[in-house]
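*Asks:* here is a sequence with its predicted model. Questions after.
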Amino acid sequence: MEHVLFAYGTLQLPEVMERLLGRTVQGTPAVLEDFRSGLVARANFPGIVPQVGETVIGTRLTGFTQDDLRALDRYEGELYRRIRVSVRLEGSPPHLIKPSWVYCMAPWAHARVTSTPWTIDWYRQFGRKGRLTYRY
């Protein structure tokens, strides 16, 4: 069975997927509604939490196996939970939604998602040269 993932952070980076899975994956720009994203406090990566009326821009990635998802679960670690959501492909009408997995902050960590925006450009420039960091 093929799985689909909505990525909004480092999983959008081909070099991250190459390192984790040994290959890159195909993606399409997409939008996740009723969630918000932000830089995780004391870290250089983003998180998302439910927030009615907000949207998260990202990429809907396809072609994952169950083993791939397990590898991504290990990468995301204890701060995140993989949940099912519906995303809209960028530019499509609101009623055309597609099911996807997404990594949402674990409930105990919701407060760690700040209002500071996170972008791939910021990460590449200031995010410790591509190394993920987190301080408890």
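*Replies:* Received the coordinates, thanks. Residues are numbered from 1 along each chain as shown.

*Asks:* determine the longest strand present in this protein.
*Replies:* In the chain, assigned by DSSP state E, the strand with the most residues is strand 46-64.

*Asks:* buried set for it?
*Replies:* 46, 47, 48, 49, 51, 56, 58, 59, 60, 61, 64 (16 or more other Cβ atoms under 10 Å). Quick note: C-beta positions are derived from backbone N, CA and C, even for glycine.

*Asks:* paired strands for that strand, with orientation please.
*Replies:* Its sheet considered, strand 46-64 pairs with strand 3-7 (antiparallel), strand 26-39 (antiparallel) by DSSP bridges.

*Asks:* biggest separation within the buried residues of strand 46-64, which pair?
*Replies:* 51 and 64 (26.1 Å; Cβ to Cβ).

*Asks:* which of the buried residues of strand 46-64 sits closest to residue 97?
*Replies:* residue 60 (10.6 Å).

*Asks:* measure that closest one to residue 100 for me?
*Replies:* 6 Å (Cβ to Cβ, to the nearest Å).

*Asks:* now list whatever residues contact both of the two.
*Replies:* 4, 5, 6, 30, 87 (Cβ atoms under 8 Å, 6 or more residues apart in numbering).

*Asks:* now, which of these sits nearest residue 104?
*Replies:* Out of those, the member with the shortest distance to residue 104 (by Cβ to Cβ) is residue 6, at 10.1 Å.

*Asks:* could you report the neighbour count for that closest one?
*Replies:* The criterion is other Cβ atoms under 10 Å. On that basis, residue 6 has 26 neighbouring residues.

*Asks:* over to residue 102?
*Replies:* Neighbour tally, residue 102, other Cβ under 10 Å: 24.

*Asks:* could you report the distance from the residue nearest to it when sequence neighbours are not counted to residue 24?
*Replies:* In space, and not counting its chain neighbours, residue 102 is closest to residue 6: 4.4 Å by Cβ to Cβ, 6 or more residues apart in numbering. According to Cβ to Cβ, residue 6 and residue 24 sit 17 Å apart.
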